[in-house]
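S.K.: show me the folded form of this:
(chains A and B)
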Amino acid sequence: RKEVEQDPGPFNVPEGATVAFNCTYSNSASQSFFWYRQDCRKEPKLLMSVYSSGNEDGRFTAQLNRASQYISLLIRDSKLSDSATYLCVVPRNTGGFKTIFGAGTRLFVKA
Amino acid sequence: EAGVVQSPRYKIIEKKQPVAFWCNPISGHNTLYWYLQNLGQGPELLIRYENEEAVDDSQLPKDRFSAERLKGVDSTLKIQPAELGDSAVYLCASSLGSGSSYEQYFGPGTRLTVT
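M.R.: Down below sits the predicted model:
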């Protein structure tokens, strides 16, 4: 089993829709989590951090479920410009610090 | 403020040839990372530097890959000899420090094609 797993998608949604992705992780000691966004043929960029209490930034909401070891990203009122790959990131501190990226979930928002 | 700079952006070489990638991190960022990203996959760490010290190179295939970060600023990643399976995007990233609370900033990457 991979340390960080994501549904690769693609998720195809119409503009204005609400869409959610989950990401499961195996290292229960992980304390912080991130969502990065990667546009086609571009570099990853930080979208938002995921705190224990959750995090909301405009149309984006990130949640953490420690008991079930997953984080989620909710996008409300999807825009065409939200089309991208969303990478789940789980830093690991056991056995030395390392940043583990998920394979990403592809989202297509259509008009 | 300038971001992470990488060159070249694209490189096409024949197998068994050497290739080198260069990265200039954001000014003041002590931590530098080299990642490899295959199509449809997330970035995978090759090596992490704290200043000029390689603190994690456990995933670097040392028989053909080498890296250096002289003076703790710019870094180069070299492959010699290249194999067909090395075709991928090589991403450089930097952060102010090392640890789970630091955001990593990525460069545009070098897209390598080995023929």
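
S.K.: B:L46 contacts B:K62, correct?
M.R.: No. The criterion here is Cβ atoms under 8 Å, and B:L46 misses it with B:K62 at 10.5 Å. All C-beta atoms are positioned from the backbone trio N, CA, C, and that covers glycine.

S.K.: so for the two, which residue has more residues nearby?
M.R.: The residue with more neighbours, out of B:L46 and B:K62, is B:L46; 21 against 10, by other Cβ atoms under 10 Å in any protein chain shown.

S.K.: quick check, that one in a strand?
M.R.: Yes. The assignment for B:L46 is a strand, going by DSSP: H, G, I helix; E, B strand; the rest coil.

S.K.: could I get the pLDDT score of the closest residue to it other than its chain neighbours?
M.R.: Excluding the flanking residues, the one nearest B:L46 by Cβ to Cβ, 6 or more residues apart in numbering or on different chains is B:W34, at 4.4 Å. Note for B:W34: predicted pLDDT of 97.

S.K.: what's opposite B:W34 in the beta bridge?
M.R.: For B:W34, the beta-bridge partners under DSSP bridges are B:I47, B:C92.

S.K.: give me the neighbour count for it.
M.R.: 26.

S.K.: enumerate every residue touching it.
M.R.: B:C23, B:L45, B:L46, B:I47, B:R48, B:A67, B:S75, B:L77, B:Y90, B:L91, B:C92 (Cβ atoms under 8 Å, 6 or more residues apart in numbering or on different chains).

S.K.: cool, B:G40 as well?
M.R.: A:P8, A:A103, A:G104.
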